[in-house]
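Peer 1: I would like the atomic coordinates for the input below:
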Amino acid sequence: MPHDELLDLARTVATQAAELAARRRIEGVAVADLKSSSVDVVTHADRESEQLIRSLLADARPDDGFLGEESGAERGSSGLTWVVDPIDGTVNYLYGIPHYAISIAVVEGEPDPSTWRSLAGAVVNLGAGETYTGTAGGGSYVNGQPLRVAEEVDLSEALVATGFSYLQELRVEQGRVIASLLPQVRDIRRMGTASLDLCMVASGRVNAYFERSLNPWDHAAAALIAREAGATVKGRGAEAEGKDFILAAQPAVAQKLEAALSQLKV
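Peer 2: Sure thing, here's the model as predicted:
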């Protein structure tokens, strides 16, 4: 299939980084720094994982660009860029909750999510023993088994995943929205790892997912995986998904949830 070689590299490197993160978790995790707020942490393992990923990708494909959560962007000459979250779900990782992932995508274009096109991606959750993969036009899989979104349901029967910003003023607004949305759906799940939320839409474990303030490395791989499983993945209205807003669900469920969120002025 197209892009299989790129996918093989993404999966191999993500698996190696996941194994490193798991070893460091056993040894003990320390906070290295704070980012956007006092609750937005980065660990030494985040940085070590990204260094490993960046080194392995550079050795294999030295002409490609790179965009990583911890080390920023570097343009390449090949037209391809690797988009990396070295540990997605860092707070879960810090607390020893085995629900975190290494996410690696390769996109066509420069390090700009408004213009790139995802070609292949891998999301590895070593704690659950699951590796999610996808390629543009080639479908998506977990541990080699094909993925498919859940069938259409009424919004009242939808299990909806979401996440919250690290910024206090936005968290207050997000809390208001959840309080109003909760009576309209089956239930809400907030699991703390955006890439895995999107993969759960792909696998049918949740019916829908939405979030504000998501960074491109959080969704570059998993949004492709969800799309290839039959999900609509989008931003507001006709916009593409991005930092302002992302929604993913089976197409009819996506329409229903978007309408409900619009009424709540999300």
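
Peer 1: most centrally placed residue in the protein?
Peer 2: By CA atoms, centre = their mean, the chain has its centre lying nearest to Ser195, at 2.3 Å.

Peer 1: Do I have it right that that residue meets Asp85?
Peer 2: Yes: using CB atoms under 8 Å, Ser195 is in contact with Asp85, at 6.6 Å. In this view, the C-beta of every residue, glycine as well, is placed from N, C-alpha and C.

Peer 1: Could you check how many residues crowd around Val266?
Peer 2: Counted with other CB atoms under 10 Å, residues neighbouring Val266 total 19.

Peer 1: where's the closest residue to it other than its chain neighbours relative to Pro183, distance?
Peer 2: In space, and not counting its chain neighbours, Val266 is closest to Val177: 5.6 Å by CB to CB, 6 or more residues apart in numbering. Val177 sits at a distance of 12 Å from Pro183 (criterion: CB to CB, to the nearest Å).

Peer 1: between the two, which one's more packed in?
Peer 2: Just comparing Val177 and Pro183: by other CB under 10 Å the higher neighbour count belongs to Val177, 17 against 7.

Peer 1: which strands and helices sit next to the helix or strand containing that one?
Peer 2: Per DSSP states H and E: Val177 is located in helix 168-181. Counting contacts by 3 or more CB pairs under 8 Å, 6 or more residues apart in numbering; DSSP states H and E, helix 168-181 is packed against strand 159-162, helix 251-263.

Peer 1: So what's the model's average confidence on the longest one?
Peer 2: So the one you mean is helix 251-263. Taken as a whole, helix 251-263 has a mean pLDDT of 97.

Peer 1: the inter-axis angle of that helix versus helix 168-181?
Peer 2: Interaxial angle, helix 251-263 versus helix 168-181 (axes from the mean of the first three to the mean of the last three CA atoms, to 10 degrees): 120 degrees.

Peer 1: Which strands and helices lie in contact with helix 251-263?
Peer 2: helix 168-181, strand 208-211, strand 232-234, strand 246-249.

Peer 1: any residues in contact with both of Ser195 and Asp85?
Peer 2: Common neighbours of Ser195 and Asp85, counting by CB atoms under 8 Å, 6 or more residues apart in numbering, are Ala101, Ser103, Asp218.

Peer 1: Sounds good, over and out.
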